[in-house]
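**Student:** Build me a model from this:
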Amino acid sequence: MTGQAHFEEQLKTQLAPDFEVKRLIGTGSKASVYLAREAALKRLVAIKVLKPQLAADETARKRFEREAQSAAQISHPNVAKIYTVGRLEGDVPYLVMEYIDGRTLEEALKATGLLPVKDARRVIRDLAGALEAAHGKRIIHRDVRPANVLVENETKRVVLTDFGIAAILESGGSDVTRLTMEGQLLGEMRYMSPEQLQGERATEQADLYSLGILGFELLTGESPYRVNSDIELAAAHLRSIGASPSSPVTGPPRPTWWRPWMRSRRELVQQPVVARTISVPGRNRRWARSSTSCGDEKCCGWPVAMCWQRSC
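**Tutor:** Here you go, the predicted model:
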């Protein structure tokens, strides 16, 4: 029996009879996720377990537990629910969370390509609402990207997950517990805000920037920064030199129908909703006060949660 198989047998034994562990449904560098059935409520749940080899790492354990603490504070349909937490033998932490029958947004985009405009707008709107709810609890996600968004198969609901590197702020604005060493970069550089790259304290504006990058990609199919290396990408983030959404599409020749179709999508990104999230310095990047649409027919038509104050 392999080490993984032995661990899974131990997991099943230690969680019984409350949970019947069925199978592994996902794994990453830090944790594994299992599908299980909760006996008392007769429902399917997802059980996320820190990998045993990381259990002795105090920072890894604290980050894992931070995920549960962060997500459990947020009540929103587009944030995965946390039901309970616990520890296995060997001090290995686990959390029991809502099971989403679907795949990540990253996987969905690889399988289907660009989403229809209506669906892309809905995804950004729902993620904006999830982040607004998190920010209302002084929680900064810090890792908004397609791999951390689940898309439910039946309803197409999008769910923000993985608050493992989230920052929880006190009312005064300082981190309650600092788990990131000075100069340490966490997250994916493609979606990282200039403030994070410079090692500055995380704020709500960092999430807004990442969502702007994600929104640009959903609507245009490409990154706003056309670079060839991580060094160039970091420089592009810091200089705020994103490509104009209306500039020509680079790469191989496209079919004749491509240009007018893509141009109509790019015109959406010209709106302040997405364009300004990645072109304005962090200190001036901010949410509006309300999450409802302003109702102005000349407005961009997005909910105010993704809009700029005084932009409509």
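**Student:** and the strand or helix carrying residue 128, what does it pack onto?
**Tutor:** Here residue 128, judged by DSSP states H and E, is contained in helix 117-136. When contacts are defined as 3 or more C-beta pairs under 8 Å, 6 or more residues apart in numbering; DSSP states H and E, helix 117-136 packs onto strand 158-160, helix 204-220, helix 258-269. Backbone N, C-alpha and C define where each C-beta goes, glycine included.
**Student:** in it, what counts as buried?
**Tutor:** Neighbour counts over helix 117-136 (16 or more other C-beta atoms under 10 Å) mark 119-121, 123-135 as buried.
**Student:** again with stretch 77-89
**Tutor:** 78, 79, 80, 81, 82, 83, 85, 88.
**Student:** Turn these into TSV, including pLDDT and secondary structure.
**Tutor:** Below are these laid out as TSV (pLDDT from 0 to 100; DSSP: H, G, I helix; E, B strand; the rest coil):
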residue	pLDDT	secondary structure
78	97	coil
79	95	strand
80	92	coil
81	93	coil
82	93	strand
83	95	strand
85	92	strand
88	93	strand
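**Student:** I'd like these laid out as a markdown table, including distance to residue 107.
**Tutor:** Output for those, formatted as a markdown table (distance: C-beta to C-beta, whole Å):
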| residue | distance to residue 107 |
| --- | --- |
| 78 | 18 |
| 79 | 20 |
| 80 | 16 |
| 81 | 22 |
| 82 | 23 |
| 83 | 25 |
| 85 | 27 |
| 88 | 29 |
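**Student:** From the residues you listed, pick the one nearest residue 146.
**Tutor:** residue 78 (14.4 Å; C-beta to C-beta).
**Student:** Contact partners for that closest one?
**Tutor:** 126, 127, 129, 130, 157, 158, 159, 160 (C-beta atoms under 8 Å, 6 or more residues apart in numbering).
**Student:** Tell me the one of those nearest residue 98?
**Tutor:** Nearest member of the contacts of residue 78 to residue 98, counting by C-beta to C-beta, is residue 159, at 7.7 Å.
**Student:** ok, now which ones touch residue 17?
**Tutor:** residue 39.
**Student:** what about it, distance to residue 37?
**Tutor:** 11 Å (C-beta to C-beta, to the nearest Å).
**Student:** now the angle from the helix holding residue 128 to helix 204-220?
**Tutor:** Relative orientation of helix 117-136 with respect to helix 204-220: 170 degrees, computed using axes from the mean of the first three to the mean of the last three C-alpha atoms, to 10 degrees.
**Student:** quick one: average confidence on helix 117-136?
**Tutor:** The average pLDDT within helix 117-136 is 93.
**Student:** go on, stretch 32-50?
**Tutor:** pLDDT averaged over stretch 32-50 gives 96.
**Student:** Next, the distance between the ends of it.
**Tutor:** This stretch, stretch 32-50, spans 7 Å end to end (C-alpha to C-alpha, to the nearest Å).
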